[in-house]
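>>> Pasting a predicted model and its sequence here:
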Amino acid sequence: MSDEIDSQQSTILKFNELVSNSPNNAVKALMLINGGAAVAILAFIGNAISKTEGNLSIHGEQLGSSLIWFAWGIAAAILAAIFAYFNTGSVLRQVIRHRDIRGQ
């Protein structure tokens, strides 16, 4: 009986690790993509300004708009990380409750 309980606890811990790591890795990738894009645009703007000696012929409003979209992407990724955190806890509580209801 003790071996069965240890096996179930081990399964719960593995499940918890899997459930918590997968969304976190996806969210990290989203943050990296959006943050990298924002840095690339800032580097583009800096390079364009240095080559034109301050007379930037590129529409700054359009570049600023793209930076705002990438910032929203980062904010959405952070929000997804928060939801993933709470979802992981909820799933783990459900697994434990189901195990307790079955009397194991």
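Arrived safely.
>>> who's in contact with the residue lying closest to A38 once chain neighbours are set aside?
Distances taken as C-beta to C-beta, 6 or more residues apart in numbering place F70 nearest to A38, at 4.2 Å, with adjacent residues excluded. Glycine gets a C-beta too; all of them are placed from N, C-alpha and C. By C-beta atoms under 8 Å, 6 or more residues apart in numbering, F70 lies in contact with N34, G35, A37, A38, I41.
>>> Make JSON lines out of those and add pLDDT.
As requested, these are arranged in JSON lines below (pLDDT from 0 to 100):
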{"residue": "N34", "pLDDT": "88"}
{"residue": "G35", "pLDDT": "88"}
{"residue": "A37", "pLDDT": "90"}
{"residue": "A38", "pLDDT": "88"}
{"residue": "I41", "pLDDT": "87"}
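>>> Among these, which ones are in helices?
Counting by DSSP state H, the part of the contacts of F70 found in helices is N34, G35, A37, A38, I41.
>>> The helix or strand encompassing G73 - what's its average pLDDT?
Assigned by DSSP states H and E, G73 falls within helix 60-101. For helix 60-101, the mean per-residue pLDDT is 82.
>>> dump the residue contacts of the residue nearest the centre of the chain.
Geometric centre of the chain, nearest residue: V27, 1.7 Å, by C-alpha atoms, centre = their mean. Neighbouring residues of V27 by C-beta under 8 Å, 6+ apart: A77, I78, A80, A81, A84.
>>> Please indicate which of those residues are buried?
Buried by 16 or more other C-beta atoms under 10 Å: A77, A80, A81, A84, out of those.
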